[in-house]
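Colleague: could you look at this predicted model? Sequence included:
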Amino acid sequence: MLQFILRRVFYMIPTLFVISLVSFAIIQLPPGDYLTSLVASMAATGETVDRAALAALEQRYGLGQPVYVQYWKWISGILLHGDFGQSFEWNQPVSTLLWGRLALTFMISLFTLFFTWIVAFPIGIFSAVRQYSWGDYVATIIGYVGLAIPNFLIALILMYVAFKFFNQSVGGLFSPEYQDAAWDWAKLWDLFKHLWIPVVIIGTAGTAGLIRIMRANLLDELHKPYVVTARAKGLSEERLLLKYPVRVALNPFVSTVGWTLPALVSGEAIVSIVLSLPTTGPLLLRALMSQDMYLAGSFIMLLSTLTVIGTLLSDVLLAWLDPRIRLTQ
Amino acid sequence: MQNQFYRLFSLMLVLSMVLSACGSAATPAAAPEAAESAPAAAEPAAAAPAAESAAPAQEAADSHESPMWTEMVAAGTLPPLDERLPKNPRVVEPLESIGQYGGTMRIPYGGSWSSRLYSFMGNENLVVWTPQWDDIIPNVAESWEVNEDSSEFVFHLREGMRWSDGELFTADDILFWYNDIASNTDINPVIPSWLIIAGEPVVVEKIDDYTVKFSFAAPYGLFLQRLATPDASSMLEYPEHYVKQFHGDYNTENLDELVEAASQPSWVELLQSKTGSRDNNGPGWTNLDLPVLYAWRVTEPPGGNSTRAVLERNPYYWKVDTEGNQLPYVDKLVWDFLDDPNVMMLRTLNGEVEFMNYYANSLQNKAVYFDAMVEGDFRFFDQVRDTANSLMLHLNLNTKNEVLREAFQNKDFRIALSYAINRQEVIDTVFVGQGIPYQGAPKPTSEYYNETLATQYTEYDVDQANQILDGIYPDKNADGIRLLPSGDPLQFDMILDATRFPDWVNVLELVQIYWKAVGVDMNIGGISGDLLEERRKANDYDATANFSDGGLATILNVGPFLSPLGRGSTYAPAWGAWYDLGDGAVEPQEPPDDVKRQHELYDMVKATADLDLQRQYMDEIIDIAIDRFWAIGISLDMGQYGVVKNNLHNVPLSMPESWNYPDPFPTNTSTYWLSQ
Amino acid sequence: MAGETLLELKNLKTQFFTDDGVVRAVDGVSFEMKRGETLCVVGESGCGKSVTARSILQIVDYPGRVVEGQILFHRQRQEEGKSEVNEIIDLAALDPRSRAIRDVRGKDISMIFQEPMTSLSPIHTIGDQIIEAIRLHLPVSKEEAEARAVELLRRVGIPRPGDRLNAYTFQLSGGMRQRAMIAMSLSCNPSLLIADEPTTALDVTTQAQILDLMRELKDEFGMSIMLITHDLGVVAEMADDVVVMYLGTVAEKGDVDSIFHDPKHPYTQALLRSIPKLGLRAQGIRLDSIRGMVPDPYNRPGGCPYHTRCDDFMPGLCDKITPPPIEMGEERLVRCLLYGDQKAMADQTQQTVKVR
Amino acid sequence: MTTEVQPVSRENKQTGRPIEPVQPEHALQDSESRVYVASQYTLMWRKFRKHRLAMFGGIVTIAIYLVVIFAEFLAPFPSSAFSSQYTYAPPQPLHLFDETPDGMRFAPYVNGYKVEIDPVALRRTFVVDPEEKIPVSFFTRGTPYKMWWLFKSDIHLVGPIEYDADPDRIKIPVYLLGADRLGRDVLSRMIYGTRISMTIGLVGVALSFLLGITLGGISGYYGGGLDNIIQRAIEFLRSIPTIPLWMGLAAALPSSWSPLQVFFGITIILSLIGWTGLARVVRGRFLALRTEDFVMSARLDGNSEFRTIMVHMVPSFFSHIIASLTLSIPGMILAETSLSFLGLGLRSPVVSWGVLLQEAQNIRSVATAPWLLVPGLAVVVAVLALNFLGDGLRDAADPYGR
């Protein structure tokens, strides 16, 4: 087991190296650099851009250097000092920005993950057990509708509904009156009132995939001889279902958790933009738009690394859950 | 306007001398009615409040400040009001009423944080615009003198005026900014161009603690105007006593430690991370320790991790209302960062926003606000934009494509394209019937309004367009597209920043139809702003749709429609670059003589302080522009709107909107107040 | 005790309701089992022998279900403080999900299956699964159950049973797995063990061991065994009585000797012909196989289901009349029109001669 | 996504049972084999038919692609035809019967509008004018078009009887689904948008298919080092967050490209990211098949590797691939709308669902012109239909399924 983990960690090193290269390459792909973007956005507000100011900015950001020098500066900073560089736009160390936003992103992602499971599990089990019944169809449609509606649209509509019919303050995570308040139940309730919209939106987009996996896995297991054995033992259907096929079907399911996280983060980005949530998504998008390269690059790097680690974790989890993998490795 | 300004200005000189003799505060207070009326009226209007404010300032100090401070003063943690105010505070006459202290203004922002905050409250320059944008009035400087040929400017600062940390603001702060920041090549490689005339940078001298002199190598007639624009704001953003500790020339004791502690590469970066705002995209706003001169100071900085910024009143703010009450009225500003205009809109509709003037105020949205006015308890105000047109179509006369260049440089070709546009239909379709057919020209309310320039070739006349084009490119291909002499169809891309201005695409989609009808094939190239900027710098485009600032402040912004100079003149970027390198990107080309003449004339406008001469030169520039017919306009821009809550007072019903007039600051945002 | 009736199947019909039609997998099967005997159910694939076995426990997979008939199970129950109580339960009448049938499953009647690999959960330990079976039906503590599981494993011949409790199926060999299966099935002293092709997936040596084990255990636990198989060799070795099934019906039944030595039904005869025997080749005799194929279950032939393949097919009769069960002496029964009258009897004798 | 990774289901496969119809008793039985007359595809069809949602999805999908093919005929107006008078006009209900002197007759019409401009609220107000009836007809003449860029025609499924030949303007208002902010017909634009959005899905999937099958095949067939490299590449590609990847690639498209080229560029981007899923499926199948006897015998027969793969291996899981492809089309459609939302995708004047949604993606539309969101409904229907179809195909294609 330990050897298995070590080997996987070893595999991560080249992957991460390539990821760092590609992260940096991606942010270099669009024409121009942060300065171009800054000038463009200044020009869009009618601002005159002085040559002096430009010269000062160019010197300040060191954008004139060749790409490989910039890359080296960045990657060596990360490796040697844990320094992800400075965000041009926010004038803050990238790491400050990253960690600050990650907490909330994780919170939303976790909630979403739970929500997805809560929805996808029963529907997946139900539609496998009652394959081709009307219940299966209804549950499947419900599970898939979330996937089918573009996230930004559903976010917008829900937001309008919250405003129009519930008179709820939209956007952000707190109503203005709770923004400054100390943590108490009312504030927590207020947070949940805001949180359910993104969680439901991002969550429903993911349920379809999980339902499909759960259903297919379970269908595979449901008619396996060991289920008949268990039934012949005298186990009740419910207990039997949960203890045997569902439990076995969970294993491939667990291996998808690692892949789910980046998908959540991506889905979260669009929804968070629409809902103005202080998560990583909008920050990343903004950094990409404004070509705030160290911020954007570090962000991509970090998210990719998390994905790689997530995959590793889910593999480890899978090994832990499934004796066949654990004991034959 | 210029005449008015000149007369008013001389009057102010006299006035300020009189008033400073009294030892009391007064400025020509800028009530909107007052400025509309004859200049003579300014004197009583200004004098009256000044006299009033002088008397109660001493005894009733308690009642003239926010209750927030009264307590602290009583507790001894804050000096009394008269010690905090300068001897001669700036007196601002509120638009409607004397306000009550207190309340929080919630203002949404999206995009660049500092730029919105800045235009709300940060433009505290030596001089400022009047609310109507028709004059320049004292601000940080209580008065000034200009020499005969407008090459020397002496500013008198307010004695006893303080930074927000209680330190005195003096001439040394300005000198520190000029000598140690603006002229320090480590920090700023080049001195800003608005400080350079005839190739020579300004010389700044300290006459005494409260007097500074700016001397130029040649006359600089537009200096005061420049001084009122955001360009000049950085001058007052470097409190010497605070910034010195980060400056290599001053701090020889513990600078290395500070640099080390902040893990910055050198003191330059350290200093830059603590100061600066718009001029160098600096983070001064986020530095809670940086003393400021603004009405509010940051107490909760914006940043990646916060979706809002909170500002609270500055105890040392140096302005009072006509009753001597220290401004601002509003305790707190809360700026919520809302990345999506829809959220901003919903919050506004819900009445959760006190003031909203951009980002979510498109014409299309107005109907929705209109329907929610009662429920949301808000009202509208008009924004009169500084634009000369709703959208300018710039055919690049300097394009690298030779065949197209020949076509575009042919004025008749441009005239034909202008005739081919059904402007009224565009107005009806895209602008809900608001506006009139218009070319790129000063607005009717501008003193430089010129009917010929504004309306020439605006008729919708397909026959005439075809007639002209038949004379130039008679042959057409099977699709009805005219053929160039090379045999290629007459085809070009019009690029624009489709991400920021999706509405422009609508106009172009119609124009595309009109032009196709006369055999000209225009493709719409909707690209990102960054790419547009890259291609603009490389002069790598055939045509573009662009802004046209200068419809009101024409004299500050002739590039977009009068003469190729500056970055707005994308119809002839290479000729523009010949005059002024701008950002130095586009390769300059020698322009024709009449363009050179325009450049010469504009230099003369800038140099002279003689308003009649300025007018005369400008008229000649306009005459050449009429003859040249640089670019094709669509319609007169009827402006935008803003939204304010009904309980927010002293917000004018109408205000200009421009980069040069950083709205709404000149309308005296410190006098806005909230009734409970 | 022996000789008493344990289980009676009366006209059992189990059908699968698919979209393509109804498959009559078990179509009127009747037979009975005695306490302590070993009954072998033989037949080709698809003849309904497995479904019959599963019908007894009501564990037929969806969309199949028992539609008709009775499964009378004579249960002896040792109730507390009282003497043995005999009761007769009609298993066919019980709801497949009911508590009542679940009490029978694994306790009174238990079952083992063909593939020991897949018939045990791959991700639960052997011990877990056996203990679960024990605790499901017996009021014992976890420790007691564990002790019993170890005892059972030892009894079925698994070395180091204590350790094996924590083993997973994939860590055991095929024979060991089947032993574990058997241990599990014995956990509650069932009166009937249904073994559905228990040795098919095993190699010959292991097969023999498992069969030996079953025989031993049968006597030791005093239970009956219903052995489902297509292997006539196994039948010969194990059976007391034999039921031959064809396409959901009982073609013939009788004690093992009479079936082997005096098969009546042409199908039984054909089956017996297809057994490879040592030395057959040397005698220049080719191994027979049954002509044709099992008909499409959706289109069962009318009349005698076997007539499409039968060498003794009587046109106009066999394809018209469904043969009734014909008593051929004590405990002996055949469903074939050949035995409806004298003529048929005569022909049958000829047939037998031909085989020999 | 990963249903193919089921180590447990291998036992079933190793029994090498032929495909059989539903007959559960076999699931546990013997290894004797029987041959059924029904071909694989007949069996698949039988199974597929049982999945009613999939049948429904299939029908809807076919209908959608018919719209793609006959867009010009189905759309009452050209997609770019605008009207200066009818901006944001609400939908006009189609009345099929009209009161005539002879009683109720089949005479379809829509009511006209009285239009006024509200200069303060900056909008037009539309009041239905019950007097004004605009006669509408089916299979009527309208704006001329060139079907499939080949045949000239001017017959439209539905449209006003009177029409104006000007292809750029809508003179007679028949807005069955309302008008957008330039007075363009939402119905027509949605129909033309179907063409672009659904084609993007197909083209993108075709590319993913090529990449996925080649790389997945190589990975699964050869295994070893190559497999390891490709698997690392897939893992790597999947670990890069989608949005930055989109943004970087979309921004890197040459600026001089025409909208059509951008369209293909974006499709390529989508498929560059989308192939990994398919590659994993293909690899899994190859791994499973590699050891099968029939592949071994094909190789022993002296078939070239290419032939072995193409003739013997690919057909055996072709239906499975079709199902996977069907399932990946909706992803492409959704990705296209997301790209448009981010301002990176197709742009007006190209008409796609994403472009239409982007234009409708504001409170203004939701509050006062909800009919602009109808293209969103089209996306939902298409995505659901394709998902169900794909699910059904996959259920049917799995020879070991029930």
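Modeller: Thanks, I have the structure now.
Colleague: residues from the stretch 401-550 of chain B in reach of chain D?
Modeller: B:425, B:428-430, B:432-434, B:493, B:495, B:498-499, B:502, B:505-506, B:509-510, B:512-513, B:517, B:523-528, B:530-531, B:535 (CB under 8 Å from any CB of the partner chain). Any C-beta I mention is one placed from the backbone N, CA and C, and that applies to glycine too.
Colleague: what do you get for chain C?
Modeller: Near chain D, when you scan chain C using CB under 8 Å from any CB, you find C:16, C:18-20, C:23, C:25, C:44-46, C:48, C:50-51, C:54, C:60-64, C:113-115, C:117-118, C:122, C:196-197, C:200, C:230, C:293-294, C:296-298.
Colleague: give the buried subset of these as a ChimeraX selection command.
Modeller: The buried residues among the residues of chain C next to chain D can be selected in ChimeraX (16 or more other CB atoms under 10 Å in any protein chain shown) with this line:
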select /C:16,18,23,25,44,45,46,48,50,51,54,60,61,64,113,114,115,117,118,122,196,197,200,230,294,297
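Colleague: just the ones in strands from the residues of chain C next to chain D, please.
Modeller: Of the positions in the residues of chain C next to chain D, C:16, C:18, C:23, C:25, C:64, C:196 sit in strands, assigned by DSSP state E.
Colleague: test my guess that the last one contacts C:Ile112.
Modeller: What that stands for is C:Asp196. Yes. Using CB atoms under 8 Å, C:Asp196 is in contact with C:Ile112, at 7.0 Å.
Colleague: quick revisit: filter the residues of chain C next to chain D by proximity to chain A?
Modeller: Counting by CB under 8 Å from any CB, C:54, C:61, C:113-115, C:118, C:122 from the residues of chain C next to chain D sit close to chain A.
Colleague: SS state for the residue lying farthest from the centre of chain B?
Modeller: For chain B, the largest distance from the centre (CA atoms, centre = their mean) belongs to B:Ala478, which lies 49.3 Å off. Three-state call for B:Ala478 (DSSP: H, G, I helix; E, B strand; the rest coil): coil.
Colleague: distance of it relative to chain D?
Modeller: 13 Å (CB to the nearest CB, to the nearest Å).
Colleague: so how far is stretch D:302-311 off the chain centroid?
Modeller: Relative to its parent chain, stretch D:302-311 has a centroid offset of 33 Å by CA atoms, centre = their mean, to the nearest Å.
Colleague: give me the buried positions along that stretch.
Modeller: So stretch D:302-311, judged by 16+ other CB under 10 Å, has buried residues D:303, D:308-309.
Colleague: what's around A:Thr305, how many residues?
Modeller: 17 (other CB atoms under 10 Å in any protein chain shown).
Colleague: that one belongs to a helix?
Modeller: Yes. Applying three-state DSSP, one finds A:Thr305 inside a helix.
Colleague: domains for the chain, by residue range?
Modeller: I'll assume chain A. Domain segmentation of chain A under automatic domain parsing yields A:18-94, A:103-328.
Colleague: the chain in question should be chain D.
Modeller: If you go by automatic domain parsing, chain D breaks into D:88-181, D:190-396.
Colleague: where does the chain dip in pLDDT?
Modeller: In the absence of a named chain, chain A is used. A:1, A:48, A:176, A:180, A:255-256, A:258-263, A:265-267, A:327-329 (pLDDT under 70).
Colleague: wrong one, I was asking about chain B
Modeller: Judged by pLDDT under 70, the stretches of chain B that qualify are B:1-62, B:111-113, B:278-281, B:303-305, B:581-585.
Colleague: just the CA trace of stretch B:640-652, in CSV.
Modeller: Extracted in CSV, the C-alpha atoms of stretch B:640-652 (Å, rounded to 0.1, in the frame of the first residue of the first chain):
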residue,chain,number,x,y,z
GLN,B,640,-27.1,57.4,-20.0
TYR,B,641,-28.7,57.5,-16.6
GLY,B,642,-27.8,56.8,-13.1
VAL,B,643,-30.0,55.6,-10.2
VAL,B,644,-30.1,57.1,-6.7
LYS,B,645,-32.3,56.2,-3.7
ASN,B,646,-34.9,58.7,-3.0
ASN,B,647,-33.5,59.5,0.4
LEU,B,648,-30.1,60.5,-1.0
HIS,B,649,-30.0,64.2,-1.3
ASN,B,650,-28.0,66.8,-3.2
VAL,B,651,-27.5,64.6,-6.2
PRO,B,652,-28.0,66.7,-9.3
